[in-house]
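> Generate a structure from the sequence data that follows.
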Amino acid sequence: MLKQRGMALLLVLMITTIISVVITVQQYTIRSTLNLAQQAKDFVAARAIIESTKEELIFQLSTSLLWLYGPSPELSIKSGFPEMTNFYGKSFEYNDVTVTLTDLSGLTAVLPFNEAAWRGLLAYGGATNIDNIIAALKDWYDEDDFLHLNGAEKRDYKQPGLPRNDLPQTIAELALVKGMTPSVWGKISPYLAYISGDQLNADFVPEETLEVMMGEYRAGLARDARKNWQDVNKAIDRQSGEQSTFYPSNRLKVEMTSRVNNAAYHISFVLIRVNGTERITQIAERKIEYSKVVSN
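Numbers count the residues shown, from 1 in each chain. Below is the predicted model:
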């Protein structure tokens with residue numbers, strides 16, 4: 001009798017344990033489903049914030065003098081932007097969205113190719129074989145199979161069809177240039193523009209690349225000028241022959257990030273100002289990204 005009672009008690013304990021496990025799994029599944037649903041809702045909300053703010057930002061840029069003359073505290077506020085608005089890639093808050101604006105004239109151009117700017121950018125990226133990469137870039141651009149000193153032509157690439165031997169069609173393809181490592185490319189690619197001027201506009205060179213592009217002394221003058229909202233080109237005594245224009249170009253890189261709870265939505269694009277068309281701005285190179293915010 002005692003043995004039967006013991007077996008019955010054991011059976012009850014086993015059934016209770018199984019039921020507890022099933023309930024726990026169901027609770028976990030429900031919580032996970034609710035978390036996913038909330039996250040999806042937050043992503044949609046974050047995207048809605050971006051899309052609304054993006055249209056307002058483009059409208060303000062298109063209908064004010066800010067893009068024509070460049071930011072200053074007075075003009076930024078008058079144009080509906082925060083006082084700290086700038087065109088050299090330093091982030092600021094605009095309608096609860098983190099925004100960076102970078103005039104492409106401050107970035108190294110893929111087209112046209114500027115060897116001095118590329119050398120500076122490769123130095124920033126930590127490249128140790130700058131001469132070889134520059135030569136390989138020249139072989140990528142030119143239309144012949146003649147090899148530059150330390151360069152690279154078809155026999156130097158394992159992949160068929162490389163190098164292009166023509167003008168690059170995208171920024172990303174230059175990651176395949178011989179000698180370009182993933183670490184160097186990852187560091188320099190944010191500071192490349194597909195189309196820009198043949199000379200860098202010092203007013204809009206990003207903070208991170210100031211020293212390699214302008215030298216330590218001029219970079220210090222540039223930072224002081226920016227703190228006081230002065231013209232950087234004038235502060236570093238750059239002559240007009242060194243610079244095609246002291247004003248913003250017609251191409252502006254825009255990056256926008258919104259966060260709702262643990263969800264983030266990021267969009268980047270190049271805004272192009274054009275004359276003589278129905279819409280005075282056009283969007284190119286648009287990229288979007290959803291991400292989960294990692295709490296510290």
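> Output the below-cut-off pLDDT ranges for the stretch 151-296 of the chain.
238-245, 277-278, 293-296 (pLDDT under 70).
> Tell me how many other residues crowd Val274.
10 (other Cβ atoms under 10 Å). C-beta: built from backbone N, CA, C; applies to glycine.
> Which residue ranges of the stretch 1-150 of the chain form strands?
Ranges of strands in the stretch 1-150 of the chain, per DSSP state E, counting those that start in this stretch, are 92-94, 97-103, 108-111.
> Spatially central residue for the chain, please.
Taking Cα atoms, centre = their mean, the centroid of the chain lies closest to Pro190, which sits 5.1 Å from it.
> got the contact list for that residue?
Residues counted as contacts of Pro190 (Cβ atoms under 8 Å, 6 or more residues apart in numbering): none.
> May I have the residues that are in contact with Ser268?
253-256, 285-287.
> related to what we said a few turns ago, state the distance from the residue nearest to the centre of the chain to Tyr88.
13 Å (Cβ to Cβ, to the nearest Å).
> likewise Trp185?
Distance, Trp185 to Tyr88, by Cβ to Cβ: 22 Å.
> okay, those two: which has more neighbours?
Neighbours per residue (other Cβ under 10 Å) separate Trp185 from Tyr88, with Tyr88 holding more: 25 against 17.
> Can you give me the pLDDT of the more buried one?
Turning to Tyr88, the model gives it a pLDDT of 96.
> Next up, the contacts around it.
Contacts of Tyr88 (Cβ under 8 Å, 6+ apart): 102-103, 106, 203-207, 226.
> export the contacts of Ser268 to JSON lines and tack on distance to Asp145?
Putting the contacts of Ser268 into JSON lines (distance: Cβ to Cβ, whole Å) gives the following:
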{"residue": "Lys253", "distance to Asp145": "35"}
{"residue": "Val254", "distance to Asp145": "40"}
{"residue": "Glu255", "distance to Asp145": "39"}
{"residue": "Met256", "distance to Asp145": "44"}
{"residue": "Glu285", "distance to Asp145": "31"}
{"residue": "Arg286", "distance to Asp145": "36"}
{"residue": "Lys287", "distance to Asp145": "34"}
